[in-house]
Structure formats: structure tokens, C-alpha cells
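Novice: Kindly generate the corresponding structure for this input.
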Amino acid sequence: MGVSGSGKTETSHAVADALGFRHIEADHFHPEENVARMRAGTPLSDADRVEWLQRLVIEMQRAIEDDVGFVLACSALKRRYRDLLRDAVPGLCFAHLSIDYETAIQRVGGRAGHFMPISLVDSQFATLESPAGEPHVLVVDASQPREQVLNEITRWMNQDGGLAINANEDLSAAPLDSANKRSGEHGGQRSSEPSNMVNSLDVEPKGAELTTHAIYGGKFAQGFDRITDWLMAALLAFMVIVVFSSVVLRYAFGTGWTGAEELSRLAFVWLVFVGVASSMRRGELMAFSMIRDRFPHLLRRLVDSVSWIMVAVASALAAMGGWNQMQFGWTINSPVVGYPLAVAMVPVAASMVALAVLALIQLVNVWRRQPPLPIAEANVTAD
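Specialist: Here you go, the predicted structure:
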């Protein structure tokens, strides 16, 4: 939290990445009327912010239901705004990026392509009610280098914000959703406890994402991931054992297992299609979006909608083909081992059904999720 120019944009995503938390951008939840007022340089009233804050509460609670930590990007300049957020998430932590008036004017005036009148900066400082002394609050000197500010916030969260306690727990017992946690990148621990939530601000990630957003989350997603991960691990282990034993038998004892190649090929087919369904849920499939990303938001959504409709139709056709092959394959056995060839088509039909369903869910998400704003617009925050 903090006034415009305090460095919320860069600091917020760095904190989210370091802790492995989900990020929620408050500016994306403003009603259009609020955005129009801010663009015109008109400060928002308390009445203007009611719907906005209610939307933020819903988004925070959604993150809690999905069992993930979050970083809320919100200026939250008044005590009443912070209390409203605290009521929704008891123990919510606030990192206040404190900055002096002259530095704020200098930074806001230096933003390329951004319209932020000085009068709006004045209103921010006039509205600001310092959170110093409130529970779970850290006041940071935002005039320091960005890296120093990040280290101060993350160190505070790991020590005083409740993360240090969770770090001592047996993390192997905690559910893992690889699409919502990136602890491998920064060494951060993910926690679902309310005391581990941070309020800051962010717009654009500093580094390239390895994956897109997960299509859905929560306990069902975690269960789906566990099943597919264990199944893929078992299939890969089976392939290794079958192939290795066949090689040893052939070169050490002059014999071999004639069905090894056939069974390893069957396991490979299962492995590929189970992996495709799992990767699509997590948002880990490849995407080529260089041209699409240059389009306006509405056109991006239309392109994405057409893409997901095509994926759903193609997956449904493949599922129908897999089902027909299954029916046909029950009457034909493999030449060596003798298993019904329909067994090889089971993962094809099942994974294609899963892909069709996931594509339809993502089609809905295209219109439900708020698109990221350009930096020049996302930073317009009159609190």
C-alpha cells in the first residue's frame, strides 16, 4: 500500500514472486465510472470505492478458498479501507511503502505516457492515514533501492508475518499445486494461513513467466495433479524396469522378454496423454502469442475465445475417435502379449475428454478474468 509514486508497481510483483503467492491487482477491479474519474484527475469519494472494495474482498476470499497465499495490490490509504479488508481476512499484513511528497511528484512526473496530475498526488497525501501502530503493519522507506525494499518486506514476512512458523512444519504434508506455487524459483514458501497475506501493489511481472495461469485451482486441482503425477511416475518407472530388464536378459543371459517393447510402447502412449491433460490444467503447454499480445484487450479475448473453441472441438473429435477405436479394439489383441488393443485407446479418449472440458472452462475464464491493464493506465490510482 502507499501513495502514487511510492514504487508499488515493481515492489509488489517482486514480493509475490519471492513468497510464491498469487497476485491480485486492485486497479483491475475498479468500475468503469471510477476509471473515467481518475483519468480526468478527479479523486474518488468513499462512496465511489464501496463496490471496488467489495470486489477485492470477493477476490481475496476466492484465493483463500483455493488454498493459496496472495498479495493484494491496493493503495488502501484510509484506516477504514484497511479495516474492511482486515474484516474479510483476519491477520492481513500491510506493507506501507512510505515516501515524501517531493519524491512522489518527481516519480509521477517522470512516468512516460502516464497522465497523473499533481492535484491527484496532493489528494493522495491529503487522504493518507498512516497505518503506523496498526497490527501487522510494516512501514518501509520506499526511497531506498528496490532490492533493499524487497528484502526488508520478505524478511519481515518470514520473521514477523507468520511464514517462519510454517517453514518449520512438515511441508510434505501440505497439498501442492504446481501451477500456483513457484517456490523453486525464489525459495519462497506458500502458505494458506490468513496471517501470511500481504497487501502491496503490482502491475507487470519483472521476469518472463514459464507458465500461463492455471485453468482452475483449489483442492480438486490438487487432487487431479496428485493422481496424474503419480500415474506418470508409475508409467515412467514401469518403462524403465521393462526396458532395462529386457536389455540385461538379452546381453547377460542370451535371452530376452519378447513383450518388453510392446508393453513399453503401451506405457509411453499412456504417459503422453496423461501428461497432456495434466499440463493443460496447469497452463504449462506451449503458446505462441507474439502477434496476439499486440491486440487490444477485446480483440485478445475474441482471439482467445476462438482458440479455445477450436481446442474444444478438436479434442471432442479426438475423444470420439478414441472411443470408436476402443470399441473396435476389444476384439483385437496385441500380437505378442495379447492384451486388447482397446487398452491403448483408453488414455486417448479420457485425456481428450479432459482437454475438451478444460478448454470450455478456459473459454469461460477468458471473459471472467480481468485482463491486465497497460502500465500507463494501471498506475492511475486516486485514493
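Novice: Helix, strand or coil: sort out Ile24 for me.
Specialist: For Ile24, the secondary-structure state derived from DSSP: H, G, I helix; E, B strand; the rest coil is strand.
Novice: Contacts only, for Thr331.
Specialist: Under the criterion of Cβ atoms under 8 Å, 6 or more residues apart in numbering, the neighbours of Thr331 are Pro340. Bear in mind the C-beta positions are built from the backbone N, C-alpha and C, glycine included.
Novice: ok, now how distant is it from Leu341?
Specialist: Distance, Thr331 to Leu341, by Cβ to Cβ, to the nearest Å: 9 Å.
Novice: What confidence value was assigned to the closest residue to Leu53 other than its chain neighbours?
Specialist: Computed as Cβ to Cβ, 6 or more residues apart in numbering, the closest residue to Leu53 that is not its neighbour in sequence is Leu84, at 5.5 Å. Predicted confidence (pLDDT) for Leu84: 89.
Novice: now Arg80
Specialist: In this prediction, Arg80 carries a pLDDT score of 89.
Novice: show me the contacts for it.
Specialist: Neighbour list for Arg80: Asp46 [criterion: Cβ under 8 Å, 6+ apart].
Novice: And it, how close does it get to Arg49?
Specialist: Applying Cβ to Cβ, the value for Arg80 to Arg49 is 10 Å.
Novice: follow-up on the earlier one: doesn't the residue nearest to Leu53 belong to a strand?
Specialist: No. The assignment for Leu84 is helix, going by three-state DSSP, so no strand is present there.
Novice: I'd say Ile99 and Ser143 touch.
Specialist: Yes. Taking Cβ atoms under 8 Å as the contact criterion, Ile99 and Ser143 are neighbours in contact, 6.0 Å apart.
Novice: quick one: which of the two has more around it?
Specialist: With neighbours defined as other Cβ atoms under 10 Å, Ile99 and Ser143 compare such that Ile99 has more, 21 against 15.
Novice: In three-state terms, label the residue lying closest to Ser6 once chain neighbours are set aside for me.
Specialist: Counting by Cβ to Cβ, 6+ apart, Leu97 is the residue found nearest to Ser6 once chain neighbours are left out, at 3.9 Å. Following three-state DSSP, we place Leu97 in the strand state.
Novice: Pairing partners for Leu97 in the sheet, please.
Specialist: Leu97 has these beta-bridge partners by DSSP bridges: Val140.
Novice: shouldn't it be in contact with Arg146?
Specialist: No. Proximity of Leu97 to Arg146 does not meet the contact threshold set by Cβ under 8 Å, at 10.5 Å.
Novice: Now do the shared contacts for these two.
Specialist: Applying Cβ under 8 Å, 6+ apart, one finds that Leu97 and Arg146 are jointly contacted by Gly7, Thr11.
Novice: When the two are compared, which one has more neighbours?
Specialist: Under the criterion of other Cβ under 10 Å, the comparison of Leu97 against Arg146 puts Leu97 first, with 25 against 13.
Novice: Identify the residues contacting that one.
Specialist: Residues Met1, Gly2, Ser6, Gly7, Lys8, Thr11, Val140, Ala142, Val149, Ser200, Leu201 are the ones in contact with Leu97 under the rule Cβ under 8 Å, 6+ apart.
Novice: Next up, the contacts around the second one.
Specialist: By Cβ under 8 Å, 6+ apart, Gly2 lies in contact with Lys8, Ser75, His96, Leu97, Ser98, Ile99, Ala142, Leu201.
Novice: Dump those residues into a markdown table; add distance to Ala260 and pLDDT as well.
Specialist: As requested, the contacts of Gly2 are arranged in a markdown table below (distance: Cβ to Cβ, whole Å; pLDDT from 0 to 100):
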| residue | distance to Ala260 | pLDDT |
| --- | --- | --- |
| Lys8 | 59 | 81 |
| Ser75 | 64 | 86 |
| His96 | 64 | 94 |
| Leu97 | 62 | 93 |
| Ser98 | 67 | 92 |
| Ile99 | 67 | 90 |
| Ala142 | 64 | 88 |
| Leu201 | 58 | 37 |
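Novice: Show me what the helix or strand hosting Ala319 is packed against.
Specialist: In this structure, Ala319 is located in helix 297-329 according to DSSP states H and E. For helix 297-329, the contact count by 3 or more Cβ pairs under 8 Å, 6 or more residues apart in numbering; DSSP states H and E identifies helix 342-368 as packing neighbours.
Novice: what mean pLDDT does the helix it packs on have?
Specialist: 90.
Novice: Can you report how many residues neighbour Ile24?
Specialist: What Ile24 shows, counting by other Cβ under 10 Å, is a neighbour count of 23.
Novice: Hmm, it is touching Ala73, no?
Specialist: Yes. Using Cβ under 8 Å, Ile24 makes contact with Ala73 at a distance of 6.3 Å.
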